[in-house]
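K.L.:
Coordinates only, no sequence provided:
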């Protein structure tokens, strides 16, 4: 089997099929194709075959390119004469794309206008080879196509989500703008509470130190009071014991008692002052406990404020990021507005051009309509002539039948005459032989 055809993108070969294989493959593809179409191809027939393949493999038909563009027709001097040619050329471009893809890089308009059997066989072999390859890969293609459709659907969903998020960002910006005074007020209150809390912390430290010192002093005074009371008790016992041993002197005793009373009163006063100071310290300690609870509450409030501050900073950062994104979106929107204006100008220009072309086409349509009426009249006359010609043809056919019948009779009579002539020739030949024998005998006798 011979091979041919190379693709420019990647070097590969396709088998040139035998005529029998080619006809069988065309039948399998549902394309009526005879051996005569392969050995004696015509433009109309081969163009029909190519159109069948472009419709199957590319979804393109010749009718799609049958109406040429107004811009192309406007350039030509006599566009009516080239209408079919322009449509054929437009279709040829699409067909050539297919042929290059299947491996026939040298496909040209000659392969359509003047198809040659070897070229037709080669081109159809390439298309059939590609069609079989396409059928084998159709499952993969459909899978990829489904993935592409899913990707497009996801893209549309993400675009919709992006629009929703943009709306949410705008809403948050408005809410942020509305809540900014309250947030600033909370920040100011937070700063004030932080300063007060720091001052209370300093006071707590100082009061705690003072309370510790007073507690220590209270302990020392309590020990001193206990020792003094013990000393007084011992002294009282000593006084009782010594009273029986000493000569009492009322004056000395009074002086001693007075001195001891003074000392006792002094100690009592000291103890009272110490107890009073201890009560005051206890009150301060109780007060400090309350202050400590307030400080704990303030610290907890500070922690909550810190969390809220961090949230506010995070929200501010997010708002800043959203603002940057919104600015980018605004820039994109401005660019889209500019593009929209350009497209509007192009659209208006295209509308003006289309109006001119429609006007030109209207004039052409009027001319075509008049020409069509003329052609209809000519067609009517031609049909009348055809009817007359058909009548003459029918009459001639009758004469022909009669002539053929006469010719058949003549052929029969000729056959009969030929048979009689052959008999006569046989008889004459016999007589000639007899006469010749007689002459020979006569000559021999002489």
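P.N.:
Thanks, I have the structure now. Keep in mind it's a predicted model, so treat the numbers as computed, not measured. Numbering: from 1, shown residues only.

K.L.:
quick one: average pLDDT of stretch 176-186?
P.N.:
Confidence for stretch 176-186, expressed as mean pLDDT, is 85.

K.L.:
can you give me how far that stretch is from the chain middle?
P.N.:
Offset of stretch 176-186 from its chain centre (C-alpha atoms, centre = their mean, to the nearest Å): 41 Å.

K.L.:
In what element of secondary structure is the residue positioned nearest the centre of the chain found?
P.N.:
The residue lying closest to the centre of the chain (C-alpha atoms, centre = their mean) is residue 152, at 3.0 Å. When secondary structure is defined by DSSP states H and E, residue 152 falls within helix 117-243.

K.L.:
Check which helices and strands that helix is in contact with.
P.N.:
Under the contact criterion of 3 or more C-beta pairs under 8 Å, 6 or more residues apart in numbering; DSSP states H and E, the helices and strands touching helix 117-243 comprise strand 14-15, helix 19-28, helix 35-39, helix 43-57, helix 83-102, helix 110-113, helix 250-445. In short, each C-beta sits where N, CA and C put it, glycine included.

K.L.:
hmm, back to that, just the pLDDT for the residue nearest to the centre of the chain.
P.N.:
87.

K.L.:
Residue numbering should commence at 9 henceforth.
P.N.:
Yep, numbering from 9; the last one is residue 160 now.

K.L.:
tell me the contacts of it?
P.N.:
For residue 160, no residue meets the contact criterion (C-beta atoms under 8 Å, 6 or more residues apart in numbering).

K.L.:
and the gap between it and residue 173?
P.N.:
Relative to residue 173, residue 160 is positioned 20 Å away (criterion: C-beta to C-beta, to the nearest Å).

K.L.:
With residue 283 instead?
P.N.:
Applying C-beta to C-beta, one obtains 73 Å for the distance of residue 283 from residue 173.

K.L.:
Then residue 149?
P.N.:
35 Å.

K.L.:
what do you get for residue 329?
P.N.:
The separation that residue 329 has from residue 173, given C-beta to C-beta, amounts to 12 Å.

K.L.:
Run a quick neighbour tally on residue 313.
P.N.:
Taking other C-beta atoms under 10 Å as the neighbour definition, residue 313 ends up with a count of 20.

K.L.:
Excluding chain neighbours, what is closest to it?
P.N.:
residue 198 (4.7 Å; C-beta to C-beta, 6 or more residues apart in numbering).

K.L.:
Tell me the pLDDT of the one you found.
P.N.:
79.

K.L.:
That one: what's it in contact with?
P.N.:
Applying C-beta under 8 Å, 6+ apart to residue 198 gives the contacts 313, 316, 317.

K.L.:
residues contacting the last one?
P.N.:
Residues in contact with residue 317, defined by C-beta under 8 Å, 6+ apart, are 195, 198.

K.L.:
Can you give me the separation between it and residue 331?
P.N.:
The separation that residue 317 has from residue 331, given C-beta to C-beta, amounts to 20 Å.

K.L.:
Could you do the first one as well?
P.N.:
When distance is defined by C-beta to C-beta, residue 313 is 25 Å away from residue 331.

K.L.:
and the helix holding residue 160 with helix 27-36, angle?
P.N.:
Helix 125-251 and helix 27-36 meet at an angle of 60 degrees, taking axes from the mean of the first three to the mean of the last three C-alpha atoms, to 10 degrees as the criterion.

K.L.:
residues near residue 149, how many?
P.N.:
Using other C-beta under 10 Å, residue 149 has 10 other residues around it.

K.L.:
let me fix that: residue 225
P.N.:
Around residue 225 sit 14 other residues, with neighbours defined as other C-beta under 10 Å.

K.L.:
Could you tell me the per-residue confidence at it?
P.N.:
As summarised for this prediction, residue 225 has a pLDDT of 80.

K.L.:
Same check on residue 215?
P.N.:
Looking at residue 215, its pLDDT stands at 78.

K.L.:
Tell me how many other residues surround the closest residue to it other than its chain neighbours.
P.N.:
The spatial neighbour of residue 215 that comes closest, neighbours along the chain excluded (C-beta to C-beta, 6+ apart), is residue 296 at 5.3 Å. As a burial measure, the neighbour count of residue 296 was computed by other C-beta under 10 Å and equals 18.

K.L.:
State the distance from residue 296 to residue 302.
P.N.:
For residue 296, the distance to residue 302 equals 10 Å [C-beta to C-beta].

K.L.:
What of residue 243?
P.N.:
Counting by C-beta to C-beta, the gap between residue 243 and residue 302 amounts to 50 Å.

K.L.:
got it, and residue 228?
P.N.:
Counting by C-beta to C-beta, the gap from residue 228 to residue 302 is 31 Å.

K.L.:
Over to residue 221?
P.N.:
When C-beta to C-beta is applied, the distance between residue 221 and residue 302 equals 23 Å.

K.L.:
do the same with residue 172
P.N.:
47 Å.

K.L.:
Compare neighbour counts for the two and give me the winner.
P.N.:
Relative neighbour count places residue 302 above the other of residue 172 and residue 302, with 13 against 10, counting by other C-beta under 10 Å.

K.L.:
Please name the nearest non-neighbouring residue to that one.
P.N.:
Leaving aside its chain neighbours, residue 302 sits nearest to residue 208 (7.5 Å; criterion: C-beta to C-beta, 6+ apart).

K.L.:
so where's the stretch 209-358 of the chain shaky on pLDDT?
P.N.:
Filtered on pLDDT under 70, the stretch 209-358 of the chain yields the residue ranges 251-258, 260-261, 286, 299, 303, 327, 355, 357-358.

K.L.:
between the helices and strands packed on helix 125-251, which gets nearest to residue 168?
P.N.:
Shortest distance between residue 168 and these, using C-beta to C-beta, is found for helix 258-453: 15.0 Å.

K.L.:
Tell me how far the nearest residue to residue 205 once chain neighbours are set aside lies from residue 212.
P.N.:
Closest residue to residue 205 apart from its sequence neighbours, by C-beta to C-beta, 6+ apart: residue 306 at 4.8 Å. Counting by C-beta to C-beta, the gap from residue 306 to residue 212 is 11 Å.

K.L.:
Compare the two and say which is more crowded by neighbours.
P.N.:
residue 306 (18 against 15).

K.L.:
So that one sits against residue 206, correct?
P.N.:
No. Contact between residue 306 and residue 206 fails when scored by C-beta atoms under 8 Å: they sit 10.1 Å apart.

K.L.:
that older thread, who's in contact with the residue nearest to residue 215?
P.N.:
For residue 296, the contacting residues are 212, 215, 216, 219, taking C-beta under 8 Å, 6+ apart as the criterion.

K.L.:
Tell me which residues are up against stretch 232-251.
P.N.:
Among residues not part of stretch 232-251, those counted as contacts by C-beta under 8 Å, 6+ apart are 268, 272, 275, 278, 279, 282.

K.L.:
between those, which is nearest residue 52?
P.N.:
Relative to residue 52, and with distances defined as C-beta to C-beta, the nearest of the contacts of stretch 232-251 is residue 282, at 132.7 Å.
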